[in-house]
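**Q** can't give you the sequence, but here's the structure:
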């Protein structure tokens, strides 16, 4: 059962250091061999200051940066054994690079329970030196059995 | 691969498609470690069955990542303003995914030339696994 008291609630911020190896590791797991993510000289030749973080790197920032992610989901009343990922949404405000020290703030954006289907959207805002670089939204659902 | 000329961008334009190697179980183990998402329905067959599935399923984020690979191979990273998807169907080991995209619309906002593309990824049977939208600055 969802606890609607958590709607709009913001959790304490967490820090995340962007490591070069985590960028490579994610690309290798995806099977993305674009030299943009592996070769600094190539990235510079393409107008970047270093190998940028790939498009779905925010998932690494959330899962490795926010170690309380699963316990937070349980805290607000989600049954994490029956969780389905419904939507993911990224707004890229600036390119993220190896060595960036980011601060993430995780909050409960919205909560719904419609006909036994619980739907929760979480929002993560990442800043670098106080300036927003990325906004991520993740929507999960739990379908309750009657 | 690179972006087309903004002025020539029109209905019917297609992003270069990308067909991936078949999803392998070990890839899901690797993705779990890379992403930090250790939900066992992706890596441990017994846990997947206990959750009511036939077997392990791929992380939705891995599939979104493969679609992202197709987008960034074509458009780079620094020009991408937004990327959002809806997860439509489960992906299983053995599935062969193909990422595709088509032009939706172009517009100017705050002095920037932008274009939206519909993007999706489907399996060997044409079943759409993930679909969504990306916004690119030209």
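**A** That came through fine. If you're wondering where the values come from, they're calculated on a predicted model, not measured in any experiment.
**Q** how about low-confidence regions in chain B?
**A** B:1 (pLDDT under 70).
**Q** so what's residue A:18 up against?
**A** A:53, A:57, A:61, A:96, A:97, A:98, A:99, A:100, A:101, A:102 (Cβ atoms under 8 Å, 6 or more residues apart in numbering or on different chains). (Glycine included, C-beta is placed from N, CA and C.)
**Q** ok now stretch B:121-138, how far from the chain's centre?
**A** 6 Å (Cα atoms, centre = their mean, to the nearest Å).
**Q** give me the residue from chain B nearest chain A.
**A** Closest contact between chain B and chain A, by Cβ to the nearest Cβ, is at residue B:36 (3.0 Å).
**Q** wait, that residue touches residue A:58, no?
**A** No. Using Cβ atoms under 8 Å as the test, residue B:36 is too far from residue A:58 to be in contact (11.5 Å).
**Q** which of the two has more residues huddled nearby?
**A** Per other Cβ atoms under 10 Å in any protein chain shown, whichever of residue B:36 and residue A:58 has more neighbours is residue A:58, with 27 against 19.
**Q** find the nearest non-adjacent residue to the residue of chain B closest to chain A, please.
**A** Distance criterion Cβ to Cβ, 6 or more residues apart in numbering or on different chains; nearest residue to residue B:36, sequence neighbours excluded, is residue A:63 at 3.0 Å.
**Q** list the contacts for residue B:15?
**A** Residue B:15 neighbours (Cβ under 8 Å, 6+ apart): B:70, B:71, B:74, B:100, B:101, B:102, B:117, B:119.
**Q** sec struct for whichever residue of chain A sits closest to chain B, please.
**A** In chain A, the residue that lies nearest chain B is residue A:63 (3.0 Å; Cβ to the nearest Cβ). Secondary structure assignment for residue A:63 (DSSP: H, G, I helix; E, B strand; the rest coil): helix.
**Q** please enumerate the helices of the chain.
**A** You didn't pick a chain, so chain A it is. A:20-30, A:40-45, A:58-65, A:69-75 (DSSP state H).
**Q** that's the wrong chain, I wanted chain B
**A** Going by DSSP H, chain B shows helices at B:25-35, B:45-50, B:60-75.
**Q** can you list the ones you listed in CSV and add mean neighbour count?
**A** What follows is the helices of chain B, written out as CSV (neighbours: other Cβ atoms under 10 Å in any protein chain shown):
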stretch, mean neighbour count
helix B:25-35, 19
helix B:45-50, 14
helix B:60-75, 25
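**Q** residue A:37 is nearest to which of those helices?
**A** helix B:60-75 (8.5 Å; Cβ to Cβ).
**Q** name the helices or strands packed onto that closest one?
**A** helix A:20-30, strand A:84-92, strand B:14-19, helix B:25-35, strand B:80-87, strand B:98-109, strand B:112-122, strand B:128-137 (3 or more Cβ pairs under 8 Å, 6 or more residues apart in numbering or on different chains; DSSP states H and E).
**Q** for the least confident helix or strand in chain A by mean pLDDT, buried residues please.
**A** Of all helical and strand segments in chain A, the minimum by mean pLDDT, DSSP states H and E falls on helix A:69-75, at a mean of 93. Within helix A:69-75, the residues scored as buried using 16 or more other Cβ atoms under 10 Å in any protein chain shown are A:69, A:70, A:72, A:73.
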